[in-house]
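[1] predicted coordinates and the sequence they were generated for:
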Amino acid sequence: MRQFSGKTAFVTGGASGIGLALGRALANLGMNVMLADVETEALDKAVVDLRHSGCKVAGIGCDVADPDSVEAAAKATFAAFGHVHVVCNNAGVAAGGGIDDISLDNWRWVIDVNLMGVVHGIRSFLPHIRAHGEGGHIVNTASMAGLTAGYGFSPYAASKFAVVAMSEGLALQLKPHGIGVSVLCPSYVRTRIGESGRNRLPRYGEAPRLDPASPAGLMLAEIDRRLAGGLEPSDVAARVIAAIRQDELYVFTHPNMREEVDQRFAAIQAAMDRVVG
């Protein structure tokens with residue numbers, strides 16, 4: 001997809017972080033942008049700020065874990081702007097995991113938002129994009145945690161591995177239809193995902209309290225430290241725009257993660273060699 005001006009984009013998790021940066025970058029290319037987010041106060045502020053910059057932007061409250069909510073957001077976007085061409089399934093959350101306290105509520109929450117939120121976005125927009133026949137592009141936000149084992153046994157890593165696999169399969173099926181797919185796999189970015197519990201809905205219960213001295217507590221503190229020194233969301237958005245233009249499937253932002261990826265692939269290849277040999 002090379003032409004953006006006058007077309008429309010839909011971005012979940014659009015009130016802050018990578019989602020807001022994506023919305024701004026797409027709007028600056030002349031696109032109409034619908035920002036969707038469950039955090040409505042931050043969403044309203046983001047829309048006002050972008051409109052003051054001359055962007056054609058609207059906002060819609062949306063719980064990506066709820067298929068009806070995503071469907072309603074899609075219909076609102078069609079009503080406001082007509083055909084949609086770019087869909088960024090970006091909303092994401094993180095919760096403590098590990099083997100010490102396997103909280104089913106944590107697993108349900110993270111999987112519902114990070115994985116099923118992507119499924120719901122594709123379900124609500126893909127038939128529309130195929131029907132209008134003007135082409136388009138779907139961007140699914142995963143993570144380097146979807147390619148390496150650095151996060152261990154956790155709902156976050158499981159959800160991101162799933163998004164990578166789903167995006168790979170989707171790209172193969174949509175290529176003949178002129179619809180591109182990209183899967184965004186950043187490492188640490190300066191966002192508030194470490195505080196995503198602020199948007200945890202009551203149906204998932206309260207987050208378990210972690211002992212700061214426990215392995216999970218220490219890992220959380222280290223993640224917060226790395227997020228604070230992470231890449232700027234605007235840099236991530238710039239890479240995504242380049243990937244859409246060039247129809248790239250994998251979007252990486254942190255070349256320093258190459259060693260961890262190589263280690264995983266080497267271990268897989270070695271296991272295959274043992275079978276072949």
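    All right, it came through fine. Numbering: from 1, shown residues only.

[2] please count neighbours and contacts with C-alpha atoms only from this point.
    OK.

[3] quick one: the strands in the stretch 101-250 of the chain, in order.
    Under the criterion DSSP state E, counting those that start in this stretch, the stretch 101-250 of the chain contains strands at 136-141, 179-185, 250-252.

[4] so what's the gap between the second one and the chain middle?
    If I follow you right, that is strand 179-185. Relative to its parent chain, strand 179-185 has a centroid offset of 10 Å by C-alpha atoms, centre = their mean, to the nearest Å.

[5] in terms of secondary structure, what does it contact?
    Counting contacts by 3 or more C-alpha pairs under 8 Å, 6 or more residues apart in numbering; DSSP states H and E, strand 179-185 is packed against strand 136-141, helix 155-174, helix 233-246, strand 250-252.

[6] show me which residues of the third one are buried.
    In terms of neighbour count (16 or more other C-alpha atoms under 10 Å), helix 233-246 has its buried residues at 233, 234, 236, 237, 239, 240, 241, 243, 244.

[7] helices of this protein, residue ranges please.
    Taking DSSP state H, the helices of the chain run over residues 17-28, 40-52, 67-81, 104-110, 116-132, 155-174, 215-228, 233-246, 258-276.

[8] quick one: contacts of the longest one?
    Contact with helix 155-174 is made by 93-95, 97, 106-107, 110-111, 114-115, 118, 140-143, 145-147, 149, 151, 180-183, 249, as judged by C-alpha atoms under 8 Å, 6 or more residues apart in numbering.

[9] try it again with 6 Å
    With C-alpha atoms under 6 Å, 6 or more residues apart in numbering as the contact definition, helix 155-174 has outside contacts at 94, 107, 111, 114, 115, 142, 145, 146, 181.

[10] counting neighbours, which of those comes out on top?
    residue 142 (32 neighbours; other C-alpha atoms under 10 Å).

[11] quick one, what contacts that one?
    Counting by C-alpha under 6 Å, 6+ apart, the residues that residue 142 touches are 160, 163, 184, 185.

[12] go again with 7 Å.
    Taking C-alpha atoms under 7 Å, 6 or more residues apart in numbering, we find residue 142 in contact with 160, 163, 164, 183, 184, 185.

[13] same question for residue 202.
    If you count contacts by C-alpha under 7 Å, 6+ apart, residue 202 has none.

[14] same deal with the one 4 residues further on?
    In this structure, residue 206 makes contact with no residue, judged by C-alpha under 7 Å, 6+ apart.

[15] that one and residue 103: what is the separation?
    Distance of residue 206 to residue 103, given as C-alpha to C-alpha, to the nearest Å: 10 Å.

[16] repeat that for residue 40.
    For residue 40, the distance to residue 103 equals 27 Å [C-alpha to C-alpha].

[17] so, low pLDDT: which residues of the chain?
    210, 214-219, 277 (pLDDT under 70).

[18] quick revisit: would you turn the buried residues of helix 233-246 into JSON lines with distance to residue 9?
    What follows is those, written out as JSON lines (distance: C-alpha to C-alpha, whole Å):
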{"residue": "233", "distance to residue 9": "18"}
{"residue": "234", "distance to residue 9": "17"}
{"residue": "236", "distance to residue 9": "17"}
{"residue": "237", "distance to residue 9": "14"}
{"residue": "239", "distance to residue 9": "16"}
{"residue": "240", "distance to residue 9": "13"}
{"residue": "241", "distance to residue 9": "12"}
{"residue": "243", "distance to residue 9": "15"}
{"residue": "244", "distance to residue 9": "12"}
